[in-house]
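K.L.:
Predicted model and sequence below, questions to follow.
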Amino acid sequence: MDKQLDILAFGSHPDDVELGCGATIAKQVSMGSKVGIIDLTRGELGTRGSADIRGEEAELAAQILGVEFRYNLGFRDGFFQNDEKHQMELVKIIREYRPRIVLANAVRDRHPDHKKGSDLVSTACFLAGLHKIETGQEAWRPELIYHYIQFEEIEFYRGTSSIKKKSEKKVKRLADFLALNAIVKIEIQGHVNAKGKNTPSNVRLSKKRAKRVLKKLIQNGIDKDRLTAVGLGNSAPVYPKPKHSYEEQANRRVEIMIK
Ligand SMILES: [Zn+2]
């Protein structure tokens, strides 16, 4: 049987693909495309859950999406490298399935594995097309590599609704994305870093943060009917028990949900 795929999607962790491009895959499968998913690591360092739970979830997601296959390469979460050993594993896979399109992680993101996975996949796609790299297979280079979007959190100064200087660019990128994708509506979710109960003042500050981003987007020409702002207080921290100041900072944020 011909193994050739239309699309091969790679993710550094077992939930990256469905979170990053699940809807695209579902749509392509419904239109008759043959799609495969390959996870690079088992996500064993993930803050929440375990590698086993993630494996079960990945399998279920694959069934729901209707892909041809999904498997895991078992690279070391957090420590795999864009080096010859890992590149050659991917070269063999790309040559085996000869995808026309490859999907990969975002080129830039808070989690270093996402950038690394993105670089590794891009490098391997190039190398797979070089005839002099011998694997006993024919050389194959995908026509296109797309990197799925991951919005970077917008961070705030402690105790305030002032956007951190380094996050201002992210708001601009978000406005650009919304300008280009006129049908997209978003919910802007504000968060705070705080221990204990989710008090009314936590909720108030988180909502103020969300509204600050909303206002900036409107100033950038985005229609207010496409935007809603909610304050989640400290109910969904990135780091439930922050140990370092950068973890506390990561909790003081606004996240974007596409509706
Ligand atoms: Zn990930």
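P.N.:
Now that the structure is in, tell me what you want to look at.

K.L.:
Skipping its backbone neighbours, what lies nearest the residue in the chain positioned nearest to the ion in space?
P.N.:
The nearest approach of the chain to the ion comes at H13, 3.4 Å away (C-beta to the ion). The way it works is simple: take the backbone N, C-alpha and C, and place the C-beta from them, glycine included. Of all residues not flanking H13 in the chain, G43 sits nearest, at 4.0 Å (C-beta to C-beta, 6 or more residues apart in numbering).

K.L.:
would the one you found count as being in a strand?
P.N.:
No - the assignment for G43 (DSSP: H, G, I helix; E, B strand; the rest coil) gives coil, which keeps it out of a strand.

K.L.:
And the helices in the stretch 151-259 of the chain, which stretches?
P.N.:
Using DSSP state H, counting those that start in this stretch, the helices found in the stretch 151-259 of the chain span residues 168-180, 200-219, 245-251.

K.L.:
Can I get the ones you listed in JSON lines including mean neighbour count, distance to the ion and mean pLDDT?
P.N.:
Below are the helices of the stretch 151-259 of the chain laid out as JSON lines (neighbours: other C-beta atoms under 10 Å; distance: least, C-beta to the ion, whole Å; pLDDT from 0 to 100):
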{"stretch": "helix 168-180", "mean neighbour count": "15", "distance to the ion": "18", "mean pLDDT": "92"}
{"stretch": "helix 200-219", "mean neighbour count": "19", "distance to the ion": "23", "mean pLDDT": "98"}
{"stretch": "helix 245-251", "mean neighbour count": "15", "distance to the ion": "15", "mean pLDDT": "94"}
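
K.L.:
Same list, those, but as JSON lines with distance to A23 please.
P.N.:
Below are the helices of the stretch 151-259 of the chain laid out as JSON lines (distance: least, C-beta to C-beta, whole Å):
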{"stretch": "helix 168-180", "distance to A23": "15"}
{"stretch": "helix 200-219", "distance to A23": "22"}
{"stretch": "helix 245-251", "distance to A23": "26"}
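
K.L.:
so which of those helices comes closest to L227?
P.N.:
Among the helices of the stretch 151-259 of the chain, the nearest to L227 by C-beta to C-beta is helix 200-219 (5.1 Å).

K.L.:
And the closest one, what does it pack against?
P.N.:
Helix 200-219 is packed against helix 168-180, strand 186-190, strand 227-231, strand 253-258, with contacts defined by 3 or more C-beta pairs under 8 Å, 6 or more residues apart in numbering; DSSP states H and E.

K.L.:
separation between the residue of the chain closest to the ion and K215?
P.N.:
Going from H13 to K215 by C-beta to C-beta, to the nearest Å gives 34 Å.

K.L.:
The residue nearest to H13 touches D52, doesn't it?
P.N.:
No - in this structure, G43 is not within contact of D52 by C-beta atoms under 8 Å, at 10.4 Å.

K.L.:
Settle it for me: which of these two has more neighbours?
P.N.:
Taking neighbours as other C-beta atoms under 10 Å, G43 and D52 compare with G43 leading, 26 against 10.

K.L.:
The more buried one: what's it in contact with?
P.N.:
H13, P14, D15, A51, R54, D77 (C-beta atoms under 8 Å, 6 or more residues apart in numbering).

K.L.:
how about the residues you listed in CSV, adding distance to E89 and pLDDT?
P.N.:
Shown next, in CSV, are those (distance: C-beta to C-beta, whole Å; pLDDT from 0 to 100):
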residue, distance to E89, pLDDT
H13, 17, 94
P14, 17, 94
D15, 21, 92
A51, 19, 91
R54, 20, 91
D77, 16, 94
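
K.L.:
The residues you listed into TSV, with extra columns for neighbour count and distance to I149?
P.N.:
Shown next, in TSV, are these (neighbours: other C-beta atoms under 10 Å; distance: C-beta to C-beta, whole Å):
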residue	neighbour count	distance to I149
H13	25	16
P14	28	19
D15	18	15
A51	17	26
R54	21	22
D77	18	22
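
K.L.:
Which members of these are positioned in strands?
P.N.:
In strands, defined here by DSSP state E, there are no members of the contacts of G43.

K.L.:
Please dump the residues you listed into CSV; it should also carry distance to T24 for every row.
P.N.:
Below are the contacts of G43 laid out as CSV (distance: C-beta to C-beta, whole Å):
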residue, distance to T24
H13, 18
P14, 18
D15, 15
A51, 26
R54, 21
D77, 25
